[in-house]
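Enquirer: Take a look and give me a structure for this.
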Amino acid sequence: MLPEYHRQSASLRARLILPATLVLLVTVIGTLGYAWLGREQGATLLDALFMTVITITTIGYGEVIRLDAAGRIFTMGIAITGIGSLFYSLTVIMDNLVGSRLLDPFGEKKMQREVRKLKDHIIIAGLGRVGKQAAAELEESKVPFIIVDPRPEVHGYAVQRDYLSMQGDASDDAVLEQAGIYRAKGLIVTSGDDASNLYIVLSARVLRPDLFIVSRAVDESSVSKLIRAGANRAISPYAIGGRRLAHLILSPTVIDFFDTVIRKGEESINLEGIEVRGDARAVGQSLAGLKLREKTGASVLVVMRGNRVLPNPEPELVLHPGDRLLALGTVEQLDRLEALVGE
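Expert: Next up, the predicted model:
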């Protein structure tokens, strides 16, 4: 679509050159001509330009230069040439506007520019029921994302909600590259077919070995396959939904608490995972020495070190590269904590 769009736009711009040039030429000739005709009346160039403009635009506010027979003949020539050129120019411009909209109904050109600006974004492969929920959560969290789906109706749905989207198969390397996979922070694979999810995960892992990939598993037995294919996490929505229903009966207060803290929107309290990078200033320092609570206001609930989970960490605990802190606090408090231990 884009090559055709550019070709048609170039053609329309070329069509505009002749009439626009004629309008400019008529304006210059008319201005000089009226200046010469009104030389004995003390006419200025502004008066001459005014006469030219009201003639070719058919406004007719009144003549500021009295015309003799030669002047009237000159005016008729300016009117015939100028009016025709002006209206043809307007016709070409309207044709350009309408043609551009028909050739690019979903604003592909603008969308491509926005995609090129994306950085540290999330790619959502597939916009079914699961993908729509993921997109809604990311939008609420103000996390940039782009949707990749081959179905035209999904593309229209995304445009209506002002989501960045691309129509294409996410298992195609070229499509993932266009979606900015080399600049992406993560990939969410939500297709309703495990085979498609497997191909998408494999393609993404080859292109970006360090990309964090989360995949939907339609069948519980596909979870291990998706993990082996390269997904960091593979989740069965049905299994998650079943466990959630059971937990709502067994521990409703706990579930309500986690529903509150894991939502990033305008909630007053949030739960965030923060990784300690290898070059961070916090490496080698204890929690007590860092004074995290005093400096940030956030509370560190858990330290995850590899496969070990260290709940209620002691103040003497020394942070290692790759440690992940599970912390509780407001958005501002968590931002301060991330700045202190993550950089």
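Enquirer: Show me the helices in the stretch 1-150 of the chain, by range?
Expert: Along the stretch 1-150 of the chain, counting by DSSP state H, counting those that start in this stretch, helices occupy 2-37, 45-56, 69-103, 108-117, 129-140.
Enquirer: Those helices: which one's closest to Pro315?
Expert: helix 129-140 (34.5 Å; Cβ to Cβ). No exception for glycine: its C-beta is placed from N, CA and C like everyone else's.
Enquirer: Average pLDDT for that closest one, rounded please.
Expert: For helix 129-140, the mean pLDDT works out to 89.
Enquirer: Packing partners of that helix?
Expert: If you count contacts as 3 or more Cβ pairs under 8 Å, 6 or more residues apart in numbering; DSSP states H and E, helix 129-140 packs onto strand 122-125, strand 145-149.
Enquirer: Okay, now the unreliable bits of the stretch 151-300 of the chain?
Expert: Counting by pLDDT under 70, the stretch 151-300 of the chain contains low-confidence residues at 260-268.
Enquirer: on that earlier part again, ranking the helices of the stretch 1-150 of the chain by burial, who's on top?
Expert: helix 45-56 (a mean of 19; mean count of other Cβ atoms under 10 Å).
Enquirer: distance of the closest residue to Phe74 other than its chain neighbours from Met76?
Expert: Spatially, and ignoring its direct neighbours in sequence, Phe74 is nearest to Gly33 (5.5 Å; Cβ to Cβ, 6 or more residues apart in numbering). Distance of Gly33 to Met76, given as Cβ to Cβ, to the nearest Å: 12 Å.
Enquirer: same deal with Val206?
Expert: Per Cβ to Cβ, Val206 is found 73 Å from Met76.
Enquirer: just Ile93 next, same as before
Expert: Taken as Cβ to Cβ, the span from Ile93 to Met76 is 26 Å.
Enquirer: for Leu86, same thing?
Expert: For Leu86 relative to Met76 (Cβ to Cβ), the value is 16 Å.
Enquirer: swap in Asp95?
Expert: Separation of Asp95 from Met76 (Cβ to Cβ) stands at 28 Å.
Enquirer: and the residue nearest to Ser171 when sequence neighbours are not counted, how many neighbours does it have?
Expert: Distances taken as Cβ to Cβ, 6+ apart place Tyr199 nearest to Ser171, at 4.0 Å, with adjacent residues excluded. Residues lying near Tyr199 (other Cβ atoms under 10 Å) number 18.
Enquirer: so after the helix or strand encompassing Tyr199, what's the next helix or strand?
Expert: Counting by DSSP states H and E, the element that carries Tyr199 is helix 194-207. Toward the C-terminal end, the helix or strand that comes next after helix 194-207 (DSSP H and E) is strand 212-216.
Enquirer: Remind me what the helix or strand just after that following strand packs against, helices and strands.
Expert: The helix or strand immediately downstream of strand 212-216 is helix 223-229, counting by DSSP H and E. With contacts taken as 3+ Cβ pairs under 8 Å, 6+ apart, helix 223-229 sits against helix 194-207, strand 233-235.
Enquirer: at 10 Å instead, please
Expert: Judged by 3 or more Cβ pairs under 10 Å, 6 or more residues apart in numbering; DSSP states H and E, helix 223-229 is in contact with helix 194-207, strand 212-216, strand 233-235.
Enquirer: any chance of these in a markdown table, with distance to Gly71 too?
Expert: Shown next, in a markdown table, are these (distance: least, Cβ to Cβ, whole Å):
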| stretch | distance to Gly71 |
| --- | --- |
| helix 194-207 | 73 |
| strand 212-216 | 78 |
| strand 233-235 | 83 |
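Enquirer: Please identify the deepest-packed of those.
Expert: It is strand 212-216: most buried of the helices and strands packed on helix 223-229 by mean count of other Cβ under 10 Å, with a mean of 22.
Enquirer: Angles on the backbone of the closest residue to Gln167 other than its chain neighbours, please.
Expert: Closest residue in space to Gln167, ignoring its immediate chain neighbours: His155 at 4.6 Å, by Cβ to Cβ, 6+ apart. Here is the backbone geometry of His155 (degrees, to the nearest 10): phi -60, psi -40.
Enquirer: Count residues in the vicinity of His155, would you?
Expert: Every residue meeting other Cβ under 10 Å relative to His155 is counted, giving 22.
Enquirer: ok, it to Ile181 distance?
Expert: 19 Å.
Enquirer: now do Asp256
Expert: Per Cβ to Cβ, Asp256 is found 37 Å from Ile181.
Enquirer: who has more neighbours, those two?
Expert: Ile181 (21 against 11).
Enquirer: Am I right that the more buried one falls within a strand?
Expert: No: according to DSSP: H, G, I helix; E, B strand; the rest coil, Ile181 belongs to no strand; its state is coil.
Enquirer: if I read this right, Pro237 contacts Gln133, doesn't it?
Expert: Yes: the criterion here is Cβ atoms under 10 Å, and Pro237 meets it with Gln133 at 9.1 Å.
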